[in-house]
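Chemist: Fold the following, please.
(chains A and B)
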2 protein chains.
Amino acid sequence: MLAGCQVGICGVGLLGGSVAARLSSRGMTVRGWDPDPEVLDFARERGYLAEGTDSPEALAQASDLLVLAAPLGQLGEAGRLLAAGSGEALKGVFDVGSSKVAVGRELAALWGDRYAGLHPLAGREGGTVRRASADLFEGCLCALVPFPDTAREVRDLGRELGEALGARVQEMGPAEHDALAAWGSHLPLLAASALALAAEEGRREHPDLPPLAAGGYRDGTRMAESPPWLLADLWETNGVELRRALDRYIVVLEAFRDLAPQDVWAWAERAREARRRIMGEIPGRWRA
Amino acid sequence: MLAGCQVGICGVGLLGGSVAARLSSRGMTVRGWDPDPEVLDFARERGYLAEGTDSPEALAQASDLLVLAAPLGQLGEAGRLLAAGSGEALKGVFDVGSSKVAVGRELAALWGDRYAGLHPLAGREGGTVRRASADLFEGCLCALVPFPDTAREVRDLGRELGEALGARVQEMGPAEHDALAAWGSHLPLLAASALALAAEEGRREHPDLPPLAAGGYRDGTRMAESPPWLLADLWETNGVELRRALDRYIVVLEAFRDLAPQDVWAWAERAREARRRIMGEIPGRWRA
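Modeler: Numbering: from 1, shown residues only, chains lettered A, B, ... in the order given. Coordinates of the predicted model:
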């Protein structure tokens, strides 16, 4: 099914560029559109794209498989532009956004049984096409998120696409996806950003702080390097689940606050065991 | 001053073992004591120690420079045992604990002008001698923490010792050290452990969570792999400063909770800038 597809990538950033690089390296014909013409030039020069198109409509016309990789908050608008150009030849449409319920509802309204969500859980600091690579998704988990109307063949196509990226594909519903992602991915992003802001306040009081920030600060705040629109879009599209996770996190921190020193050891031990249990089950790629 | 010293390491774990490995590799004579005889055997076989001693008292007798690398909560007791054996030849005593005010007060009471704190900010998961290495402290910051009575020569000796470990030495007072470490190091540890516990609660509700925990979860909880006694000891010995940092962190999270989606972008952007400012000033070793 996937073999022979004319693939169109809308939004050629880190994720879109990496999907393009992977599929092109496997001999597929990949076209792309991006609001930034320099991005298209770069992706063509690198061989990620066979060609760039002049508009989303032109991209949709030339494609029978569409991958929407615009920022989460722009997927709805990108979808409307693409839908205006897509015809009967279109076999499947997939978005790679990190939340699914709200965005998927919009995209399913445009494409009905030809749409499914696809979320490869991989990323990298400095999220532009310049950091893209064909192996970005190697060994990661890719959530395949069908909607009620998604056709059987489109689910199969999505699975084939995820596997072509090098990922392990797991199917789940949109609400389930968003709840799981809130805990496993969106809350860590929020916590990292809050830790960076808290440390900045500490730094105002203690200008000599930075030298004493070591590996723990670096790792604990790494996700704060994500593009700022991401957290805003997640709060907009997955606010209920993310707030639920945030509230639990605050409760855990508040409970810690009231612990006697002799109880902290057991608390820290439970935390370490909890981490190990989840680390033991996450995709191998992330265990190092 | 350092050259020719007979060095004694009390507590041969990750830090003590790495100090021993480093100094031995530079031709110094290093002895060690540890409550676990197998640890001493391992350290001798690896060449980290010239010999193990039978007791802290015997170690002190054979040393004119002592490095206390027991867990933070056992440094006071270790100090009392060592002091019973140490004589006039002793030139300097340094502990490598991660908080200084409370522990240093005890050690300064035992050794007066011959004591100073030394805190090389480096670590590694799996904190035992089996993970020790001579280059653990390469490129890290080492806080040199003199107390009011510390002799000039002992400060110089501490600086020489920190530099011999490959670290950049920065002198600061005990209260300043503990405040800075609370923000830059102890809060990230606490936040990581709390994130692991919160995710565990999420997992009880959503057993399928682990596959969706990716790099953000891994990095954000990495510090939760620290030995559980560490957080307990920090809460005991640096509770006031750590609670202050924790309270600010909770305030930041609570404030986020009430943000409108359109304000989250600016918030996340401030967080990213805050991270970059501190990352730009932390020791090169931790920037990757």
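Chemist: For the residue nearest to residue A:24 when sequence neighbours are not counted, which three-state class applies?
Modeler: With Cβ to Cβ, 6 or more residues apart in numbering or on different chains as the measure, residue A:30 is the residue that lies nearest to residue A:24, at 4.9 Å, once sequence neighbours are left out. Quick note: C-beta positions are derived from backbone N, CA and C, even for glycine. Taken by DSSP: H, G, I helix; E, B strand; the rest coil, the conformation at residue A:30 corresponds to strand.
Chemist: Which residues are in contact with residue A:30?
Modeler: Under the criterion of Cβ atoms under 8 Å, 6 or more residues apart in numbering or on different chains, the contact list for residue A:30 reads A:7-9, A:20, A:23-24, A:48-50.
Chemist: does it have beta-bridge partners, and which?
Modeler: Beta-bridge partners recorded for residue A:30 (DSSP bridges): residue A:7.
Chemist: Which strand or helix spans residue A:218?
Modeler: When elements are assigned from DSSP states H and E, residue A:218 belongs to helix A:215-220.
Chemist: circling back: need the pLDDT of the residue nearest to residue A:24.
Modeler: We note a pLDDT of 98 for residue A:30 in this prediction.
Chemist: now swap in the one 5 residues further on and tell me
Modeler: Model confidence at residue A:35, expressed as pLDDT, equals 97.
Chemist: where does the stretch 151-288 of chain A dip in pLDDT?
Modeler: Counting by pLDDT under 70, the stretch 151-288 of chain A contains low-confidence ranges at A:288.
Chemist: which non-adjacent residue is nearest residue A:97?
Modeler: Computed as Cβ to Cβ, 6+ apart, the closest residue to residue A:97 that is not its neighbour in sequence is residue A:72, at 4.6 Å.
Chemist: And for residue A:89?
Modeler: Counting by Cβ to Cβ, 6+ apart, the residue nearest residue A:89 is residue A:64, at 4.9 Å.
Chemist: List the contacts of the one you found.
Modeler: Residue A:64 sits next to A:5-6, A:89-91 when contact means Cβ under 8 Å, 6+ apart.
Chemist: buried subset of those?
Modeler: The neighbour count (16 or more other Cβ atoms under 10 Å in any protein chain shown) marks A:5-6, A:90-91 as buried among the contacts of residue A:64.
Chemist: ok, now which ones touch the residue positioned nearest the centre of chain A?
Modeler: Within chain A, the residue whose C-alpha comes closest to the C-alpha centroid is residue A:98; the distance, by Cα atoms, centre = their mean, is 4.0 Å. For residue A:98, the contacting residues are A:72, A:119, A:181, A:185-186, A:230, A:234, by Cβ under 8 Å, 6+ apart.
Chemist: The same query, at a cut-off of 10 Å, please.
Modeler: The neighbourhood of residue A:98, defined by Cβ atoms under 10 Å, 6 or more residues apart in numbering or on different chains, consists of A:15, A:72, A:119-121, A:123, A:143, A:177-178, A:181, A:185-186, A:189, A:226, A:230, A:233-234, A:237-238.
Chemist: just to revisit the earlier point, please narrow the contacts of residue A:64 to those residing in strands.
Modeler: Residues from these lying in strands, with DSSP state E as the criterion: residue A:6.
Chemist: where do the strands sit along chain A?
Modeler: With DSSP E applied, chain A shows strands at A:6-10, A:29-33, A:51-52, A:65-68, A:92-95, A:115-120, A:141-146, A:168-171, listed in chain order.
Chemist: who does the first one touch, helix- and strand-wise?
Modeler: In this structure, strand A:6-10 packs against helix A:14-25, strand A:29-33, helix A:56-61, strand A:65-68, helix A:75-85, strand A:92-95, with contacts taken as 3 or more Cβ pairs under 10 Å, 6 or more residues apart in numbering or on different chains; DSSP states H and E.
Chemist: Kindly report the same for the fifth one.
Modeler: Other elements packing on strand A:92-95 under the criterion 3+ Cβ pairs under 10 Å, 6+ apart are strand A:6-10, strand A:65-68, helix A:75-85, helix A:101-111, strand A:115-120, strand A:141-146, helix A:152-164.
Chemist: which one of these lies closest to residue B:208?
Modeler: Each of these was scored for nearness to residue B:208 using Cβ to Cβ, and the closest is strand A:141-146 (10.1 Å).
Chemist: can you give me phi and psi for the residue nearest to residue A:89?
Modeler: For residue A:64, the backbone dihedrals (degrees, to the nearest 10) come out as phi -110, psi 0.
Chemist: I'd like the distance between it and chain B.
Modeler: In this structure, residue A:64 and chain B are 30 Å apart, going by Cβ to the nearest Cβ, to the nearest Å.
Chemist: what's the answer for residue A:27, then?
Modeler: The span separating residue A:27 from chain B equals 29 Å under the rule Cβ to the nearest Cβ.
Chemist: of the contacts of residue A:64, the lowest pLDDT goes to which?
Modeler: Checked by pLDDT, these have residue A:89 as the lowest-scoring entry (90).
Chemist: What residues does that residue make contact with?
Modeler: If you count contacts by Cβ under 10 Å, 6+ apart, residue A:89 has them with A:6, A:61-65.
Chemist: Please name the residues that touch residue A:70.
Modeler: Taking Cβ under 10 Å, 6+ apart as the definition of contact, the neighbours of residue A:70 are A:9-13, A:15-16, A:33-35, A:56, A:76-79, A:81-82, A:95-97.
Chemist: Can you report how many residues neighbour the nearest residue to residue A:3 once chain neighbours are set aside?
Modeler: With Cβ to Cβ, 6+ apart as the measure, residue A:28 is the residue that lies nearest to residue A:3, at 7.9 Å, once sequence neighbours are left out. For residue A:28, the tally of surrounding residues (other Cβ atoms under 10 Å in any protein chain shown) stands at 18.
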